[in-house]
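# only the shape, not the letters, is given here:
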């Protein structure tokens, strides 16, 4: 299955979420691949740092999209790859288009940072276009809650997105912006590999994983979605 983590402003929190969603599957012994299709390449840079500040315990390959298209990379993936997580950029381009159409679920992280109107409008337009070619696409808005902050603020931000995206849903799991997740990311590690472990952060990621991957089980298969993206790109 393909899960796309997408944000119009290209925030680093998006890449942190993509990395840890991929790690969750690897932790469950799935053959998972993280594809970095964002021009900022936060996920790929994370993989470069991997091991420099700790000892990775999970096999988590990261494929940067460079010199070829995302569509070409998806077409030539090995059959043993069970799960794909795409860290997608927010620009309106072929790679972003492919990432949205090929996905079973699109995860949109919403934090405290303000989204500029142009970026928000572009994001909504891309999601609406993707739904034309992929009507079963599920969109989950995930709230990122900084510590010591009133809950109402991210709720309002998430509700703003929900009101503009038909059939989107707010994830029941709240992801706290915990220092351990950030520290692990800077070292090229995941929340499942830090010592001492942050049990609350791990529990939150596991809860979000049940929401995201559980819903994806009833969505179109990987091959079908890639073929749909191919047809859309040819139009």
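The structure has been received and is ready for your questions. Remember, it's a predicted structure, so these values are computed and weren't measured experimentally.
# drop to CA atoms for contacts and neighbour counts, all remaining ones
OK.
# any idea how far residue 18 is from residue 187?
Distance from residue 187 to residue 18, counting by C-alpha to C-alpha, to the nearest Å: 16 Å.
# more neighbours: which of these two?
residue 18 (26 against 20; other C-alpha atoms under 10 Å).
# that one contacts residue 86, doesn't it?
Yes - Residue 18 lies in contact with residue 86 (C-alpha atoms under 8 Å); the separation is 7.3 Å.
# and for these two, which residues touch both?
The contact sets of residue 18 and residue 86 overlap at 5, 34 (C-alpha atoms under 8 Å, 6 or more residues apart in numbering).
# which element is the closest residue to residue 63 other than its chain neighbours on?
Closest residue in space to residue 63, ignoring its immediate chain neighbours: residue 35 at 4.7 Å, by C-alpha to C-alpha, 6 or more residues apart in numbering. If you go by DSSP states H and E, residue 35 is part of strand 32-37.
# which strands and helices sit next to that strand?
helix 12-27, helix 42-49, strand 62-64, strand 83-88 (3 or more C-alpha pairs under 8 Å, 6 or more residues apart in numbering; DSSP states H and E).
# parallel or antiparallel, list what pairs with that strand.
strand 62-64 (parallel), strand 83-88 (parallel) (DSSP bridges).
# Provide a list of residues in contact with the residue nearest to residue 63.
Contacts of residue 35 (C-alpha under 8 Å, 6+ apart): 62, 63, 64, 65, 84, 85, 86, 87.
# can you tell me which of those residues is nearest residue 74?
Nearest to residue 74 among these, counting by C-alpha to C-alpha, is residue 84 at 9.3 Å.
# so what pLDDT did that closest one get?
We have a pLDDT of 94 for residue 84.
# where does the protein have low pLDDT?
10, 51, 53-54, 112-117, 146-158, 177, 215-235 (pLDDT under 70).
# that one: strands as residue ranges?
For the chain, the strands defined by DSSP state E occupy 2-6, 32-37, 62-64, 83-88, 105-110, 138-146, 169-170, 175-177.
# pipe those strands into TSV and attach distance to residue 24 per row.
Below are these laid out as TSV (distance: least, C-alpha to C-alpha, whole Å):
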stretch	distance to residue 24
strand 2-6	13
strand 32-37	9
strand 62-64	14
strand 83-88	11
strand 105-110	15
strand 138-146	16
strand 169-170	20
strand 175-177	14
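# out of these, nearest to residue 47?
strand 62-64 (6.5 Å).
# chain center to that closest one, what's the gap?
14 Å (C-alpha atoms, centre = their mean, to the nearest Å).
# and if you look at stretch 129-137?
The answer for stretch 129-137 is 17 Å, by C-alpha atoms, centre = their mean.
# which parts of it are buried?
130, 131, 133, 134, 137 (16 or more other C-alpha atoms under 10 Å).
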